[in-house]
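Student: Sequence and predicted structure are below.
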Amino acid sequence: MNRTRINRRSASGRGGLNKKWLFIIGGILLIVVVAALLLFTDVFGTSDPFLRLGLNANSQISIVGPKSLYYLNVNTLYKADKSGKNIWNSKFSSGDMSLSAGEQVICLYNTQTATVLDENKNPLYNIPESDDFQITEVVCGKTSIALLCSRANDNSEYIRIFSKDGIELDQ
């Protein structure tokens, strides 16, 4: 009788060991399959692929929302769609400009002046050159722009905010 009990215990021990190894091997296989899905497929909806655009090292890019991409290449401003297809372009006389874009306004600027356009490249207004300030940086919102300016006399900084219509809202 003792022999029967020993045999039953060792038989159940072997069966438990086999289930344990099957569980471990199954877990490893599951990890391998999930890793393969993450690395080699788009099953989990990875981000959009990079676009190939005709840019040089000094080009500037501004992405606006999920559908629009603006880029300034030397002295030409381009608007492209999500797939990289150019929607329009516009040449400017000066190549020494920086780019900032919002949903409905685009600003090309340098330290002396700024030109504001709408999303269809129509000129809205210019901020003329002044001896009182220099433009340090521009940020475009949906329908307004903010200029970080430096005063010429004491280098103190202040912000100027303009509407889409060119009205200075605050300083």
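Tutor: Ah, there it is. Numbers count the residues shown, from 1 in each chain.
Student: For the residue most central in space within the chain, give me the pLDDT.
Tutor: In the chain, the centroid-proximal residue (Cα atoms, centre = their mean) is I63; its distance is 5.8 Å. I63 is assigned 80 on the pLDDT scale.
Student: same check, this time on F162
Tutor: 94.
Student: helix or strand right after the stretch of helix or strand it belongs to?
Tutor: Secondary-structure assignment from DSSP states H and E places F162 in strand 157-163. Beyond strand 157-163 in the direction of the C-terminus, DSSP H and E gives the next helix or strand as strand 168-170.
Student: May I have the strands that pair with that following strand, each with its orientation?
Tutor: Applying DSSP bridges to the sheet, strand 168-170 is found paired with strand 157-163 (antiparallel).
Student: list the buried ones in the partner strand?
Tutor: Residues of strand 157-163 classed as buried by neighbour count (16 or more other Cβ atoms under 10 Å): R160, F162, S163. In this view, the C-beta of every residue, glycine as well, is placed from N, C-alpha and C.
Student: Just send those back as JSON lines, with distance to T76 too.
Tutor: Formatted as JSON lines, these follow (distance: Cβ to Cβ, whole Å):
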{"residue": "R160", "distance to T76": "27"}
{"residue": "F162", "distance to T76": "24"}
{"residue": "S163", "distance to T76": "27"}
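Student: For the protein, just list every one of the strands.
Tutor: 60-64, 68-73, 76-80, 86-91, 98-101, 105-109, 114-118, 123-127, 133-140, 144-151, 157-163, 168-170 (DSSP state E).
Student: possible to save these as JSON lines with distance to K19?
Tutor: Shown next, in JSON lines, are the strands of the chain (distance: least, Cβ to Cβ, whole Å):
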{"stretch": "strand 60-64", "distance to K19": "53"}
{"stretch": "strand 68-73", "distance to K19": "55"}
{"stretch": "strand 76-80", "distance to K19": "58"}
{"stretch": "strand 86-91", "distance to K19": "62"}
{"stretch": "strand 98-101", "distance to K19": "61"}
{"stretch": "strand 105-109", "distance to K19": "65"}
{"stretch": "strand 114-118", "distance to K19": "69"}
{"stretch": "strand 123-127", "distance to K19": "73"}
{"stretch": "strand 133-140", "distance to K19": "62"}
{"stretch": "strand 144-151", "distance to K19": "66"}
{"stretch": "strand 157-163", "distance to K19": "68"}
{"stretch": "strand 168-170", "distance to K19": "72"}
